[in-house]
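>>> Generate coordinates for the sequence data below:
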Amino acid sequence: MKKILVLCTGNSCRSQMAEGYLRYFAADKAEVYSAGIETHGVNPLAIAVMKEDGIDISQHSSNNINEYSNIEFDYVITVCDNAKEHCPYFPSKAQKFHHNFPDPSKVKGKNEEIQQKFGEARQLIKEYCEAFVKQYL
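Predicted coordinates:
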């Protein structure tokens, strides 16, 4: 079984959504983890927007990359430029992928605008994860 790590800055939003979708699309073909170079807790708006699409990430936890140093990953996917550029050395033979998704947690404005940005990010992440699973698993 393949092992996938999704990496972001705070492991609160984009990486959590990607973990949820990769688990959904990969089903029993992969073990999926997510982590951050920091931990910020799982964003409640990420949980809500994923629930709208039938994916429950409410039991996910925000994890630091150092927690997974003993796991040999097949794939590591960074979902933000900051994580790609500032990730500590992570010894791995994993194939590395990068896609910088917009960070909806940084959006300021009315609730409707913020929720719209979370929905847009979710859709981009969903499409990426579905295509990733089709191509690599």
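>>> Quick one: mean pLDDT over the longest helix anywhere in the chain.
When secondary structure is assigned using DSSP state H, the longest helix within the chain turns out to be helix 111-136. Helix 111-136 shows an average pLDDT of 97 in the prediction.
>>> quick one: pLDDT of the closest residue in space to Val79 that isn't next to it in sequence?
Distance criterion CB to CB, 6 or more residues apart in numbering; nearest residue to Val79, sequence neighbours excluded, is Arg14 at 4.5 Å. Where you see a C-beta, it was placed from the backbone N, CA and C, and this is true even at glycine. Turning to Arg14, the model gives it a pLDDT of 96.
>>> excluding its backbone neighbours, what's nearest the residue nearest the centre of the chain?
Note on the chain: the residue nearest the mean C-alpha position is Ser15, at 1.7 Å, using CA atoms, centre = their mean. Excluding its sequence neighbours, the residue lying closest to Ser15 (CB to CB, 6+ apart) is Cys8, at 3.6 Å.
>>> So what sits opposite that neighbour in the bridge?
The residues paired with Cys8 through beta bridges, assigned by DSSP bridges, are Gly36.
>>> need the next SSE after the helix or strand of the chain with the lowest mean pLDDT, C-terminal direction.
Taking all helices and strands of the chain together, the one with the lowest average confidence (mean pLDDT, DSSP states H and E) is helix 81-86, at a mean of 70. Following helix 81-86 in sequence order, the next helix or strand is strand 95-98 (DSSP states H and E).
>>> Name every strand pairing with that next one and say which way it goes.
Its sheet considered, strand 95-98 pairs with strand 75-78 (parallel) by DSSP bridges.
>>> In the strand it pairs with, which residues are buried?
75-78 (16 or more other CB atoms under 10 Å).
>>> Mind listing residues that contact it?
2-8, 18, 84, 87, 90, 92, 94-99, 132, 136 (CB atoms under 8 Å, 6 or more residues apart in numbering).
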